[in-house]
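Novice: Structure, please.
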Amino acid sequence: MTRPSYFRRGSHSESSPGHPIDGALWRPPADRRHRLSLRKGAGCRWSYVLFGGLSLVVFAFFGLGAWQVTLTTSVGRPGEVASRNGDGGLQGRPPGSILRFVPSDLMRRFEQHRGALDSLRSERRFGLRPPRLALVIEDTYKDSNSLMLLTLVKSLIELGYTFTVFTLGNNRAHILWQSVGCQIYLLKPESSNTVDWSNFEGVIVNSLEGIKAAPRLMKEPFMSVPVVWLVHEDILGKRLSYYAEMGWQDLISEWRSTFNRANVVVFPDFSLPMLYSSLDNRNFFVISGAPVDIWATNDYIARHSRVQLREDYGFAESDLLILVIGNFFFYDELPSDYTMMHALVAQIKRIKDLGETIKFMFLCGNSADAHTSAFQEAAIRMGFQDGCVRHYAMDHDMRSFLLMSDIVLYGLFKEEQNFPPPLLLAMSFGIPIVAPNLTVIQKYVIDKVHGILFNPRIPATLARAFFLLIEDKNLSKLASSLASQGKLLSLNMFALECITGYAELLENVLEFPSDTLLPNSISQIQRKDWLWDLLDNNKQTNIFKEIENSSSTNHHRQSSSIVYLLEEQYSKRFMGNVSEIENGTYTEEYPTLSDWNSINEMDVSEAFEGREMQEIDERMERTSGSWEDVYRNARKADKQKAEAYERDEVELERTGQQLCIYEMYTGEGAWPFLHHSSIYRGIALTYKARRSKSDDVDAVSRLPVLNDTYYRDLLCETGAMFAIANRVDGIHKLPWIGFQSWRAAGRKVSLSHTAEKVLEDTICQESKGDTIYYWAIMDKDLNKVDMNKKLDFWSMCDSLNAVQCRVVFENAFRRMYGLPLDMRALPPMPLDGDHWSILHSWAMPTPSFLEFIMFARIFADSLDSLNHGNSKLDFCVLGSSNLERRHCYCRVLELLVNVWAYHSARRMVYIDPVSGELNEQHPVEIREMWVKYFNSTLLKSMDEDLAEEADDRMHPNDRWLWPLTGEVHWQGTLDREREERLKQKMDKKKKMKERLLDRHKHGYKQKALGQKEKPR
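Specialist: Numbers count the residues shown, from 1 in each chain. Below you'll find the predicted structure:
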């Protein structure tokens, strides 16, 4: 059974039609000044009134305490409950035990991640930039959600994070985000595909609407980016049962797959996970404390009158109303403790003199319970007049009773997981509270400062509370002070706890790469209140009024929700399919994700089977058949040969060019970053990632080792270069070759049309020399960092590789050339103020490229051999995060071209990617080069030695990377191939000679024309 709607900290009141966005914030309205004013009552002494009222309250309180029943539904994942007595079941739970929402799977992962972060803080680290986060919002409105986000972002920026805000709407409140230190960008649906989410350590998606801006997060290469999804609406949760009744399982599956993409789905209270339990993938989490109730209270007070509500419910203005809040649930029968009321009847009779001054409102049970008559009978027996004690079900609007009340008593005595929402509501209304001294209440409320706390086991403490609150039938000065202090406390009671919760969540979810600065400790959070003033000043109020007048109201926001839009689309499609099924004309026009996966698997299976059958057919002997079959097959072969030479427009344009730049990518999410001009050609690292109807190169088919996920992740885009270099004549025949990562376009450093034209013209005019042109520079991001001095090459390499680049590169280089331990093995890279290449974005002559690949293959094998002594395949000293360890060699191999080009005496020229301006870097004349280690003759001899070793299978280790990265070719291979060809030639001559001798001996026999062979 779910918790009623008034317990929910959701957006009901804010999202209801007619909600005024520019309503008052926390300031109490003027018509509430009489709330705490002294009232005139009957002429009896106040002690009689107090005694009689206390007796009834003591009786009622402990009666209600005995009626309480433990909730029987967990709000975590189904069946996930933790209690103080250690029993996870719900049968036989003792009264007063704690029922908690415990996401055990997430907590276990968080604990492991927290230990890794603590170890990172204790290790030596060379971070250069703060961790980057993206926040996706629909728009900025004047509501509690915007207040929470602005406060949270400002606090996280103070901890060391940087934020980029992407908004779907024409956000006129951009000045708010700029005031807290954020960059804000308008994100249209068509432009959301061109956001490189891999630039961020994590993406925070706010609300169900925010997911519209990030469809590419569901595809590679962005699947590894952590996503934290904040869901504060209950719209979808309420519709899921309707979808199930209608049989819309596909729509539910789509939402479930979207929820599964998020690393963590965060709800603001414990009731929402119950609504979304059918979508739970053990990634639900609750961070309470958002100012939803406070904001809704202020709006409710502004729109309702206390006097009018009392008239509607039949109370007088002079009545002293005491609201007793109980449980939503009752037992099926009244408890045996109900008889305790009869023992108090004699003392309660003195209440008759009270008249109608004090009245009690019991808010407990639900509309289905039949206990209202029991309350009335008890009141009559105790001497109360009819109407002095009233019972209301908790299905009613609690805020209306709170606005009418003068004192609130909280009647639930069991421990709770979070602070009781009714108490927070009462405090926000400025009402003095009386509550049991439960642990969660004592954590926030100080006795006699913010409210009165009593011991549920000692009735005298409750009587003492009323003596302190009521003086001469009126509220005391202490009550006025408690109401004021309680209201002030409620404004920011959970601000620090909420901010701390999100900061801890980010530390447990995010991966911090080697080049990022770690955030400050959570203990350094200084903000303990919400940014009320930021949304309440006159300038911002005018902005929000413009937004209301120009864009939407809350009713429009709800009606245009993505939940209803998807539901409408699916219902039309579903009903159309039903009608087509009835008419017999059904066609599936919208395949689901599982359908596409099945199609891809079938394509791969058919391609494999076709290749296998082709190989089998080639090995089988065939008869030539009749002359008609021979002629038909010949004509068919000529036609297929002509079709094979037909090329698309882009391929024809590429013919005769000097340069082809291969763009490397790993998934469908990178397609919008690729170029379509003739100078570019894509190369996909996986078969499924290839673009349809394009001439992109399949790297896996050219280099089978990339089919192994371990080596593909280990080599990254360098593996695509190895694939191109493997039998390069079959795919690339141009004099110049270039490469560019898809990330270059995402980071705005890809070549513009002007720069492309300059590059093509330059290489056409260059007739001699050996030059490498590059346009993505290594220190681009460092320009935004406050650095006292410029970093050299190896320092920047260390920052990208967990401060281990120098050590690992030196060890790999020493092993590659067999250098002794006492000899220096780290090539010098000067600090001369020039730039270095990054992101595999460069162009060079094709022979130079093959020479570089020769060097890179040997170095990669030497780098891989350093890990042979470790039994763990995922062991990597070059990374501090799991993602970096998975792509262990990528960052070193990405920078390897700089070392090779510098020490092999190649000219290095930087071309500005926007203007095309050319600037030579690191002039050859002033370099300190190790030319002897990068000589092409030496590299060829090393390559031949490795090929001979591989040909003879002399390598002792099975995990030998070098033979898998390209051609295995040496002089012995040429000699063996020559011998094979000579042997085939001699065998052919021998067979011809035997055939001629046979003809001379037996003569030539010809088959009779037209004679059919008899079947055997």
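
Novice: nearest residue to Gln657 other than its sequence neighbours?
Specialist: Of all residues not flanking Gln657 in the chain, Leu734 sits nearest, at 6.2 Å (CB to CB, 6 or more residues apart in numbering). The C-beta positions use only the backbone N, C-alpha and C, and glycine is treated the same way.

Novice: Tell me the pLDDT of that neighbour.
Specialist: For Leu734, the pLDDT comes out at 91.

Novice: What backbone torsions are found at it?
Specialist: As for Leu734, its main-chain torsions (degrees, to the nearest 10) stand at phi -90, psi 160.

Novice: Run through the residues that contact it.
Specialist: By CB atoms under 8 Å, 6 or more residues apart in numbering, Leu734 lies in contact with 657-660, 846.

Novice: what do you get if the cut-off is 10 Å, keeping everything else the same?
Specialist: Going by CB atoms under 10 Å, 6 or more residues apart in numbering, Leu734 touches 654-660, 845-846.

Novice: now for these, which pair is the farthest apart?
Specialist: Greatest spatial distance in the contacts of Leu734: Thr655 and Pro845, 18.9 Å, computed using CB to CB.

Novice: Quick check on those two: which one has the bigger neighbour count.
Specialist: Pro845 (21 against 10; other CB atoms under 10 Å).

Novice: wait, the more buried one sits on Asp770?
Specialist: Yes - applying CB atoms under 10 Å, one finds Pro845 in contact with Asp770, separated by 6.3 Å.

Novice: what do the two both touch?
Specialist: With contacts defined as CB under 10 Å, 6+ apart, the residues shared by Pro845 and Asp770 are 851, 906.

Novice: you'd agree Glu511 is in a helix?
Specialist: No - Glu511 is assigned coil when assessed by DSSP: H, G, I helix; E, B strand; the rest coil, not a helix.

Novice: Can you name the residues that contact the closest residue in space to it that isn't next to it in sequence?
Specialist: Among residues not flanking Glu511 along the chain, Ser881 sits closest, at 3.8 Å (CB to CB, 6+ apart). Each residue near Ser881 by CB under 10 Å, 6+ apart is listed here: 116, 120, 201, 510-514, 516, 802, 887.

Novice: Make a PyMOL selection of the buried ones in these.
Specialist: In PyMOL, this line selects whichever of these come out buried by 16 or more other CB atoms under 10 Å:
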select buried, resi 201+510+511+512+513+514+516+802+887
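
Novice: which one among the contacts of Ser881 gets closest to Phe315?
Specialist: Phe315 lies nearest to Leu510 out of the contacts of Ser881, by CB to CB, at 53.7 Å.

Novice: just checking, that closest one touches Glu504?
Specialist: No - Leu510 is beyond contact range of Glu504, at 11.3 Å (criterion: CB under 10 Å).

Novice: list the buried ones in stretch 723-741?
Specialist: By neighbour count with 16+ other CB under 10 Å, stretch 723-741 contains the buried residues 723-726, 728, 731-732, 736-741.

Novice: and whichever strand or helix holds Asp250, what other elements does it pack with?
Specialist: Assigned by DSSP states H and E, Asp250 falls within helix 249-261. In this structure, helix 249-261 makes packing contacts with strand 227-230, helix 235-246, helix 562-583, helix 593-619, judged by 3 or more CB pairs under 10 Å, 6 or more residues apart in numbering; DSSP states H and E.

Novice: Adding mean neighbour count and mean pLDDT as columns, could you present those in a markdown table?
Specialist: As requested, those are exported to a markdown table (neighbours: other CB atoms under 10 Å; pLDDT from 0 to 100):
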| stretch | mean neighbour count | mean pLDDT |
| --- | --- | --- |
| strand 227-230 | 24 | 95 |
| helix 235-246 | 15 | 90 |
| helix 562-583 | 13 | 70 |
| helix 593-619 | 10 | 78 |
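
Novice: Kindly reformat the ones you listed as a markdown table containing distance to Leu176.
Specialist: Listed next are the helices and strands packed on helix 249-261 as a markdown table, based on distance: least, CB to CB, whole Å:
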| stretch | distance to Leu176 |
| --- | --- |
| strand 227-230 | 18 |
| helix 235-246 | 25 |
| helix 562-583 | 24 |
| helix 593-619 | 38 |
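
Novice: re earlier: tell me the one among the contacts of Ser881 nearest to Ala483.
Specialist: When the contacts of Ser881 are compared for distance to Ala483 (CB to CB), Leu510 wins out at 42.5 Å.

Novice: residues touching the closest one, list them.
Specialist: 113, 117, 131, 133, 161, 200-202, 225-226, 228, 263, 516, 519, 881.

Novice: Among the helices and strands packed on helix 249-261, which comes closest to Gly451?
Specialist: Among these, if distance is taken as CB to CB, the winner is strand 227-230, at 31.1 Å.

Novice: So in that sheet, which strands flank that closest one, and in what orientation?
Specialist: Strand pairing for strand 227-230, determined by DSSP bridges: strand 202-206 (parallel), strand 264-267 (parallel).

Novice: Report the mean per-residue pLDDT for stretch 151-170.
Specialist: 91.

Novice: next one: it to chain centre, how far?
Specialist: 15 Å (CA atoms, centre = their mean, to the nearest Å).

Novice: how long is it from one end to the other?
Specialist: Terminal residues of stretch 151-170 are spaced 22 Å apart (CA to CA, to the nearest Å).

Novice: do stretch 209-229 as well
Specialist: By CA to CA, one end of stretch 209-229 lies 11 Å from the other end.

Novice: Enumerate the positions of it that are buried.
Specialist: 209-214, 216-218, 220-222, 225-229.

Novice: What is the subsequent helix or strand relative to the lowest-mean-pLDDT helix or strand in the chain?
Specialist: Every helix and strand of the chain was ranked by mean pLDDT, DSSP states H and E. The lowest is helix 345-348, at a mean of 36. The helix or strand immediately downstream of helix 345-348 is strand 358-363, counting by DSSP H and E.

Novice: That next one packs against which elements?
Specialist: helix 46-67, strand 320-325, helix 372-381, strand 389-392, helix 398-404, strand 407-410.

Novice: What strands line up against it, and which way round?
Specialist: Strands flanking strand 358-363 in the sheet, each with its direction: strand 320-325 (parallel), strand 389-392 (parallel) (DSSP bridges).

Novice: In that strand, which residues are buried?
Specialist: Across strand 358-363, burial judged by 16+ other CB under 10 Å covers 358-363.

Novice: doesn't Gly411 make contact with Asn327?
Specialist: Yes - the criterion here is CB under 10 Å, and Asn327 meets it with Gly411 at 7.7 Å.

Novice: So which of these two has more stuff around it?
Specialist: Between Asn327 and Gly411, counted using other CB under 10 Å, the more crowded position is Gly411 (26 against 21).

Novice: and Glu717, what pLDDT?
Specialist: On pLDDT, Glu717 comes in at 95.

Novice: and it, what is it in contact with?
Specialist: 662-666, 683, 685, 699, 739-743, 839-840, 887, 890, 893-894.

Novice: Can you tell me which of those end up in helices?
Specialist: Secondary structure from DSSP state H places 699, 742-743, 890, 893-894 of the contacts of Glu717 in helices.

Novice: Can you check the contacts of Leu734 and name whichever has the most neighbours?
Specialist: Within those, most neighbours by other CB under 10 Å means Leu659, with 23 neighbours.

Novice: Was I right to think that residue contacts Pro735?
Specialist: Yes - between Leu659 and Pro735 there is a contact at 8.0 Å, judged by CB under 10 Å.

Novice: list residues touching both of these two?
Specialist: Jointly contacting Leu659 and Pro735 under the rule CB under 10 Å, 6+ apart are 763-764, 845-846.
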